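# Whatever this is, show me its structure:
(chains A and B)
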Amino acid sequence: GGIITQTPKFLIGQEGQKLTLKCQQNFNHDTMYWYRQDSGKGLRLIYYSITENDLQKGDLSEGYDASREKKSSFSLTVTSAQKNEMAVFLCASSSRDRGSDYTFGSGTRLLVI
Amino acid sequence: GMPVEQNPPALSLYEGADSGLRCNFSTTMKSVQWFQQNHRGRLITLFYLAQGTKENGRLKSTFNSKERYSTLHIKDAQLEDSGTYFCAAESSGTYQRFGTGTKLQVVP
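Modelled structure (predicted):
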């Protein structure tokens, strides 16, 4: 079976800092996604990528950059962390033509002090 | 309005009870997924539907694209069913959008 791994699991940053989150999957999935989830809320799409080197904006792309270096990895950068920001960032992947195999990572919990 | 409206926002069930969750869509969707998020925050896929009804054990989901809704029915609720349930739907030419979730608590 495959696995999708997010690193780090916890991230504490300072205001104004640039922070990078990483995601790796070995399902050979074409599409990868980054979501942000605020406490008690739903998921909002930040960026997604349908293949290596592709990048598509979601609803919440402002303040973030992303990079699909290779098919198996997708990284997200918070360009300037906001003070008191606290959220969970979730990575997911799926096959291009089979949404039924959508799989999430376990998340990166961000706290900005 | 929001493309995906989910209700109720919270639900409390006794063990053994049956209940349903619903998502309404503001536009025609081509597919819907249902996810469960456990207390550790892990999201697992329950169903993916392009049409019709699917069942898996005590769970059943229906998607009616024409009427713009989907339901998730839980039968004989168990303590381990507690968590937050999300629907997410995709319309043609755009990406999947999530509802705001239903927080389910099953009590003894």
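# The closest residue to residue A:77 other than its chain neighbours: what's it in contact with?
Nearest residue to residue A:77, sequence neighbours excluded (Cβ to Cβ, 6 or more residues apart in numbering or on different chains): residue A:65, at 4.4 Å. Glycine gets a C-beta too; all of them are placed from N, C-alpha and C. By Cβ atoms under 8 Å, 6 or more residues apart in numbering or on different chains, the contact set of residue A:65 is A:76, A:77, A:79.
# Do I have it right that the first one meets residue A:89?
It stands for residue A:76. Yes: in this structure, residue A:76 is within contact of residue A:89 by Cβ atoms under 8 Å, at 6.5 Å.
# Need the overlap of contacts for the two.
Joint contacts of residue A:76 and residue A:89 (Cβ under 8 Å, 6+ apart) are A:21, A:34, A:46.
# tell me the pLDDT at the last one?
Residue A:46 is assigned a predicted lDDT (pLDDT) of 97.
# who wins for neighbours among the shared contacts of residue A:76 and residue A:89?
Highest neighbour count within these, by other Cβ atoms under 10 Å in any protein chain shown: residue A:34, with 27 neighbours.
# which residues sit in contact with it?
A:21, A:23, A:45-48, A:58, A:64, A:66, A:74, A:76, A:89-91.
# 10 Å - rerun?
Residue A:34 is in contact with A:6, A:21, A:23, A:44-49, A:58, A:60-61, A:64, A:66, A:74-76, A:89-92, A:105, A:108, counting by Cβ atoms under 10 Å, 6 or more residues apart in numbering or on different chains.
# List the strands paired with the host helix or strand of the residue nearest to residue A:77, with their directions.
According to DSSP states H and E, residue A:65 maps onto strand A:64-70. Using DSSP bridges, the strands paired with strand A:64-70 in its sheet are strand A:73-78 (antiparallel).
# thinking again about what came up before, state the distance from the residue nearest to residue A:77 to chain B.
Note on residue A:65: its distance to chain B, by Cβ to the nearest Cβ, to the nearest Å, is 18 Å.
# residues in chain A within reach of chain B, list them.
A:31, A:33, A:35, A:37, A:40-45, A:48, A:50, A:56-59, A:88, A:90, A:92, A:94, A:98-107, A:109 (Cβ under 10 Å from any Cβ of the partner chain).
# Which among those residues count as buried?
A:31, A:33, A:35, A:37, A:42-45, A:48, A:58, A:88, A:90, A:92, A:94, A:99, A:102-107, A:109 (16 or more other Cβ atoms under 10 Å in any protein chain shown).
# In strands, which of these appear?
A:31, A:33, A:35, A:37, A:43-45, A:48, A:88, A:90, A:92, A:94, A:103-104, A:109 (DSSP state E).
# which residue ranges form the strands in chain B?
Per DSSP E, chain B carries strands over the ranges B:4-7, B:10-14, B:19-25, B:31-37, B:43-49, B:52-56, B:59-64, B:69-74, B:83-90, B:97-98, B:102-107.
# ok, and for the third one, which residues are buried?
Read it as strand B:19-25. The neighbour-count check on strand B:19-25 (16+ other Cβ under 10 Å) flags B:19, B:21, B:22, B:23, B:24, B:25 as buried.
# Now the third one: closest residue in space, sequence neighbours ignored.
Meaning residue B:22. Among residues not flanking residue B:22 along the chain, residue B:71 sits closest, at 5.1 Å (Cβ to Cβ, 6+ apart).
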